[in-house]
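> Predicted model and sequence follow; I will ask about them next.
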Amino acid sequence: MAVMRAVLWDMDGTLVDSEKLWDIGMHALYARMGGVLSDEVRESTVGGSSESVMRIIYDDLGLEPDPAAMAESADWLHDYIGELFEQGLPWRPGAQEMLDGLTAAGVPMALVTNTRRGLTEQALKSIGSHYFTVSVCGDEVEQAKPAPDPYLRAAHLLGVPAGHCLAVEDSVTGTAAAEAAGCPVLVVPNDVEVPAGPRRKHAETLSTLAVADLRTIHAQLAADPGAPSA
C-alpha cells in the first residue's frame, strides 16, 4: 500500500482566497486594454500559468499575440496583484489549521503553484514559508500546470515518489497536473467546479478534515483508483 509521505499544496484558491484578488487584477487589466472580462473567460484562466493566461486574454480581445506585448501585460498584472497581496491574504477555511496539523505530525510539505516566484514570495509572507520544505513556481519549470512538471519537480525535491504524495487542489488545471504526475488528489473547489475522477476525492472544505483524514483519502485513492471520488 502506498503510504502518504508528503502533501503538495496548490496556493491560489486552495490555501489562500487570492482568486478574488486575481479577479480584481484581471478586470483592471481588461479595462486598461479596452475590453470587458466575461465570467466564462475568467473561469478559463483559473489555475493557469502567466503565459497561458495571456494567450487566453489576447485571443479573447482579438489582439496579435506579440510576445513583447504579452510579457508587458503579464508584468503589469503581476505588479498590480503584488500590491493587493501586500495588504495580506485571507486563508481558505481550515487551511492554516491543516498546515499546523501536518507540521505537528512531521509530514513534509511543498507549495506547488503556477504563480511566478516573485509574487509567490510575497504571498509566503502572509502564509508562512516555514510550513514548506520546498516550493515550485510556474516560471521555474519547462511546462507549468496542467503539465505534470511542477508536481514532479516538487516530489523530486522532497525525495518522495509522486504516488506517495497527496496533492491538494482547487482547479481543473491543477488537478490535471497533479494526476498526470501520479499524485492522488484532494479537490477542495473554490469558485470553479472540478469534475469527478478516479484519482481524486472531493471535499467541500478543509475545515472538517484532520491529518488522519488526509492519510485515509490518500490510501483509498492509491489502493483503488477506480473507486468513486465524490
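Alright, I've got the coordinates.

> A68 - how many residues pack around it?
By other CB atoms under 10 Å, 7 other residues sit near A68. In this view, the C-beta of every residue, glycine as well, is placed from N, C-alpha and C.

> wait, I meant A28
Neighbours around A28, by other CB under 10 Å: 16.

> And the helices in this protein, which stretches?
19-32, 39-45, 50-60, 67-85, 95-104, 117-127, 149-158, 172-181, 211-223 (DSSP state H).

> In a markdown table: those, plus distance to P189.
Output for the helices of the chain, formatted as a markdown table (distance: least, CB to CB, whole Å):
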| stretch | distance to P189 |
| --- | --- |
| helix 19-32 | 11 |
| helix 39-45 | 12 |
| helix 50-60 | 20 |
| helix 67-85 | 22 |
| helix 95-104 | 14 |
| helix 117-127 | 20 |
| helix 149-158 | 19 |
| helix 172-181 | 10 |
| helix 211-223 | 15 |
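
> Quickly compare these and say which is most buried.
Of all those, helix 172-181 has the most neighbours on average by mean count of other CB atoms under 10 Å, namely a mean of 24.

> And the contacts of it?
Contacts with helix 172-181, where a contact means CB atoms under 8 Å, 6 or more residues apart in numbering, come from 8, 10, 14, 46-48, 112, 114, 145-152, 155, 162, 167, 169, 185, 187, 192, 194-195, 197, 199-200.

> go with 6 Å
Residues outside helix 172-181 that contact it (CB atoms under 6 Å, 6 or more residues apart in numbering): 10, 47-48, 145-146, 148, 151-152, 162, 167, 169, 185, 187, 194, 199-200.

> Report pLDDT for S50.
In this model, S50 is scored at 88, pLDDT.

> Which residues are in contact with it?
By CB under 6 Å, 6+ apart, the neighbours of S50 are A74.

> can you tell which of the helices of the chain is closest to T133?
Proximity to T133 (CB to CB) singles out helix 149-158 among the helices of the chain, at 6.1 Å.

> Distance of H156 relative to M109?
Distance, H156 to M109, by CB to CB, to the nearest Å: 15 Å.

> same deal with A95?
Taken as CB to CB, the span from A95 to M109 is 12 Å.

> cool, and P148?
In terms of CB to CB, P148 sits 19 Å off from M109.

> now do D59
36 Å.

> Next: V41.
33 Å.

> my read: G35 touches G62, true?
No - using CB atoms under 6 Å, G35 is not in contact with G62, being 9.0 Å away.

> So these two - more neighbours on which side?
With neighbours defined as other CB under 10 Å, G35 and G62 compare such that G35 has more, 16 against 7.

> Check the more buried one and give its pLDDT.
95.

> Ignoring the adjacent residues along the chain, who's closest to G35?
Using CB to CB, 6 or more residues apart in numbering and skipping residues adjacent in sequence, the residue nearest G35 is L61, 4.8 Å away.

> ok, the one you found - how many residues close by?
With other CB under 10 Å as criterion, L61 counts 14.

> contacting residues around L99?
Counting by CB under 6 Å, 6+ apart, L99 has contacts Y131.
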